[in-house]
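Q: Dropping the sequence and predicted coords here.
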Amino acid sequence: MPLNAASARPIIVTPELPADISTGVTGSVLSASGLTLEAVGEILALATVLEREDPIQRAQRLAKRRIALLFYESSTRTRTSFELAAKGLGADTTLVSSLSSSIEKGETLKDTGLTLRALGAEAIILRHPSSGAPWLLERETQLPVLNAGDGMHEHPSQALLDLRTILAHLRPGVEAVTAETLAGLTVAITGDILHSRVARSNMILLPKLGARVILCGPRELLPELAAQAGPGVEIERNFTRALEQSQVVMMLRIQAERLAGLQLDLEEYKASYQLSEERLTKYAPKALVMHPGPIIRGLELTGEVADGPQSVILEQVHHGVAIRMALVYRALAGRTLTAGAQKGVRA
Ligand code: CP
């Protein structure tokens with residue numbers, strides 16, 4: 001079956017959200033675009049300190065502090081690693097998911113957020129299908145919010161853990177990041193760019209450190225407009241040419257849940273864009289292979305590549321815990337448990 005013409009369906013372009021609409025709550029991480037280089041460096045350094053710390057001491061850092069995980073979409077890696085990160089710092093966590101809470105009965109994000117605050121939550125980790133939901137939650141609750149993925153918009157903690165993985169392999173020993181740290185490095189992000197918040201956060205974050213980002217995929221999943229995402233970002237439709245230029249190859253899942261009627265010929269897609277062992281060996285034999293997960297073996301990449309020596313997919317998952325410890329700690333550091341917060345009312 002041929003690919004449906006992109007013109008048969010309007011391309012949904014997520015509007016850019018300004019980086020400065022924060023309501024002044026400190027400790028939130030809502031987007032990669034809102035992260036300064038200084039903040040990125042602080043998060044990376046904190047992740048290293050916390051990861052190396054004695055677990056008993058680490059568990060004193062946020063002992064008995066309360067953190068809510070509010071997930072309106074399914075997740076394995078992000079939810080589990082945020083939860084393990086918060087627990088590793090000694091915090092109490094609670095998970096609210098859309099399928100087993102009053103969200104099912106129609107409660108709004110605002111009311112759910114205020115309810116969590118009234119229950120004593122001091123920070124909220126939010127995954128939501130709507131772009132911008134973390135900003136709304138921060139504004140309404142005045143709590144620090146960590147964006148765990150908002151619609152097709154951003155997934156900043158994923159980009160930070162991807163960055164930590166890249167640095168560990170390609171810039172070992174780098175302590176302080178600058179606008180030149182990734183100079184000379186080319187990262188090919190390939191697949192369903194249109195629906196990917198991971199791609200968006202990475203194409204914002206990596207060029208801040210000097211990387212060149214090549215976006216690769218068919219027009220249906222990669223509109224020409226994406227080349228305007230920012231400096232350091234370009235489009236290459238030919239996968240072979242993208243592979244030949246790249247030291248990092250980041251593969252993306254086709255997000256069937258967001259395709260909204262767009263039909264793809266998967267065999268044609270695989271013929272053009274699947275990362276196979278043959279392609280990898282021939283065109284990018286030294287490149288790191290990354291994937292935010294979940295991977296669909298046999299579609300965007302083969303099982304051999306996923307399990308092969310160039311794959312750092314599980315390392316990415318591992319780095320997620322340290323990065324999220326840093327984010328959770330930063331969200332609550334400097335904030336004491338006020339009487340107002342204890343009672344669930346605004347201070
Ligand atoms: N990378 C990522 O966001 O994975 P999950 O959906 O499993 O959290």
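A: Thanks, I have it. Residues are numbered from 1 along each chain as shown.

Q: Spell out which residues of the stretch 151-300 of the chain are next to the ligand.
A: Gln158, Pro292, Gly293, Pro294 (Cβ under 6 Å from any ligand atom). Quick note: C-beta positions are derived from backbone N, CA and C, even for glycine.

Q: and with 8 Å instead?
A: His155, Gln158, Val198, Pro292, Gly293, Pro294 (Cβ under 8 Å from any ligand atom).

Q: Mean pLDDT per helix and strand in this structure: which one sits at the bottom?
A: Least confident element among the helices and strands of the chain, by mean pLDDT, DSSP states H and E: helix 339-343 (a mean of 47).

Q: State the number of residues packed around Glu315.
A: Neighbour count of Glu315, defined by other Cβ atoms under 10 Å: 16.

Q: Check for me that it belongs to a helix.
A: Yes: under DSSP: H, G, I helix; E, B strand; the rest coil, Glu315 sits within a helix.

Q: which residue sits closest to it, ignoring its sequence neighbours?
A: Distances taken as Cβ to Cβ, 6 or more residues apart in numbering put Thr165 closest to Glu315, at 5.5 Å, once the chain neighbours are dropped.

Q: The one you found: what's it in contact with?
A: Leu288, Met290, Val312, Glu315, Gln316, His319 (Cβ atoms under 8 Å, 6 or more residues apart in numbering).

Q: what's the closest of the residues you listed to Leu332?
A: Set against Leu332, the nearest of the contacts of Thr165 by Cβ to Cβ is His319 (21.1 Å).

Q: want to try a markdown table for the contacts of Thr165, with pLDDT as columns?
A: Listed next are the contacts of Thr165 as a markdown table, based on pLDDT from 0 to 100:
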| residue | pLDDT |
| --- | --- |
| Leu288 | 98 |
| Met290 | 98 |
| Val312 | 98 |
| Glu315 | 98 |
| Gln316 | 98 |
| His319 | 98 |
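
Q: Let me know the closest of those residues to Val328.
A: The nearest member of the contacts of Thr165 to Val328, counting by Cβ to Cβ, is His319 at 14.8 Å.

Q: Helix or strand for the closest one, just tell me which one.
A: Secondary structure assignment for His319, by DSSP states H and E: helix 313-332.

Q: what helices or strands is that helix leaning on?
A: On a contact count with 3 or more Cβ pairs under 8 Å, 6 or more residues apart in numbering; DSSP states H and E, helix 313-332 meets helix 37-52, helix 77-88, strand 123-128, strand 145-150, helix 156-170, strand 288-290.

Q: at 6 Å instead, please
A: Here helix 313-332 touches helix 37-52, helix 77-88, helix 156-170, going by 3 or more Cβ pairs under 6 Å, 6 or more residues apart in numbering; DSSP states H and E.

Q: Mean pLDDT added to these, as JSON lines?
A: Output for the helices and strands packed on helix 313-332, formatted as JSON lines (pLDDT from 0 to 100):
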{"stretch": "helix 37-52", "mean pLDDT": "96"}
{"stretch": "helix 77-88", "mean pLDDT": "98"}
{"stretch": "helix 156-170", "mean pLDDT": "98"}
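
Q: among these, which is nearest Ser131?
A: helix 156-170 (13.0 Å).

Q: Any buried residues in that closest one, and which?
A: 156-168, 170 (16 or more other Cβ atoms under 10 Å).

Q: which stretches of the stretch 201-347 of the chain aren't confidently modelled?
A: Residue ranges of the stretch 201-347 of the chain with pLDDT under 70: 257-261, 334-347.

Q: quick one: the strands in it?
A: Ranges of strands in the stretch 201-347 of the chain, per DSSP state E, counting those that start in this stretch, are 212-216, 233-235, 248-251, 288-290.
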